[in-house]
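Chemist: turn this into a model:
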Amino acid sequence: MSLMESLTAFLESLQGAPAYALVFGALAGSGFGLPVNEDLLLMLAAALTLRGVMDPVPLIAVAWCGILIADTLIFHWGRRFGAPLLRHRYAARVLPPDRLEKVQARMLRWGPAYLCAVRFMPGMRSAMLFAAGSLKMPYRHLWLCDGGAALVQLPLLVYAVRYVGGRWESIVELLQAWRWPLLGALAVAIVIAWAWWRMRASKTASQ
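Modeler: Below you'll find the predicted structure:
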């Protein structure tokens, strides 16, 4: 059984303060390298609010503190150990050198605003925060932008899970009824995004 599966089973057996403590500890521990899937843990915890294991608002507050501690630690490791560690062959598998250079260039261009976007990048979040730290960005930028983005992300995630939790059948029926318009809108959005990207790339190449 993986650590994530063990945490899931243990969390489901808890109630009240111990459940909040486990969520906080698991999220904060990810900053020390604990192999926890932050998004899955949060979705599970949100689902457990429907069973009365935890309440939504305290969960959001506890999760926000745990996330900010973890992100600050990862950011700190980036500031302390810097880019050389990112160029190690193991780190390069997650963030290849050419992509790292592009990411760092975008971070330098967009500054603190890029840290807001990082919060919504599951799977790449830790590497991006480490890279931001390696650029010696101020901690206040992390706390303001990443913390602010988390204040948006967490309520949306928790209440979306709670909303969907008791409405699976109606949502599935709605998706089936609107599947073709939704697919068409998605296709149009992809084409627009691709055209915008090509136009931007052409302008960059001509400069």
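Chemist: could I get the full set of helices for the chain?
Modeler: 3-12, 17-29, 38-48, 56-86, 89-94, 97-110, 112-118, 125-134, 139-141, 147-165, 168-177, 179-206 (DSSP state H).
Chemist: pick the most deeply packed of those.
Modeler: helix 125-134 (a mean of 23; mean count of other C-beta atoms under 10 Å). The way it works is simple: take the backbone N, C-alpha and C, and place the C-beta from them, glycine included.
Chemist: mean pLDDT lowest for which of the helices of the chain?
Modeler: Least confident of the helices of the chain, judged by mean pLDDT, is helix 168-177 with a mean of 54.
Chemist: how does the protein divide into domains?
Modeler: According to automatic domain parsing, the chain comprises the domains 3-166, 168-207.
Chemist: residue 115 and residue 148 touch, don't they?
Modeler: No. Checked against C-beta atoms under 8 Å, the pair residue 115 and residue 148 is beyond contact range at 9.2 Å.
Chemist: what is in contact with those two at once?
Modeler: By C-beta atoms under 8 Å, 6 or more residues apart in numbering, residue 115 and residue 148 have no common neighbours.
Chemist: gap between the spatially closest residue to residue 66 that is not a sequence neighbour and residue 156?
Modeler: Once flanking residues are discounted, residue 66 sits nearest to residue 27: 3.0 Å by C-beta to C-beta, 6 or more residues apart in numbering. Using C-beta to C-beta, to the nearest Å, residue 27 is found at 17 Å from residue 156.
Chemist: swap in residue 76?
Modeler: Residue 76 is 27 Å from residue 156, where distance means C-beta to C-beta.
Chemist: ok, residue 136 next?
Modeler: Distance from residue 136 to residue 156, by C-beta to C-beta: 31 Å.
Chemist: ok, back up a step: what's near enough to touch the residue nearest to residue 66?
Modeler: Residue 27 neighbours (C-beta under 8 Å, 6+ apart): 36, 38, 41, 42, 63, 66, 67, 69, 70.
Chemist: go again using 6 Å as the cut-off
Modeler: Contact analysis of residue 27 by C-beta atoms under 6 Å, 6 or more residues apart in numbering lists 66, 67, 70.
Chemist: distance check, it against residue 196.
Modeler: For residue 27, the distance to residue 196 equals 35 Å [C-beta to C-beta].
Chemist: then residue 187?
Modeler: Taking C-beta to C-beta, one finds residue 187 at 15 Å from residue 196.
Chemist: go on, residue 56?
Modeler: From residue 56 to residue 196 the distance is 37 Å (C-beta to C-beta).
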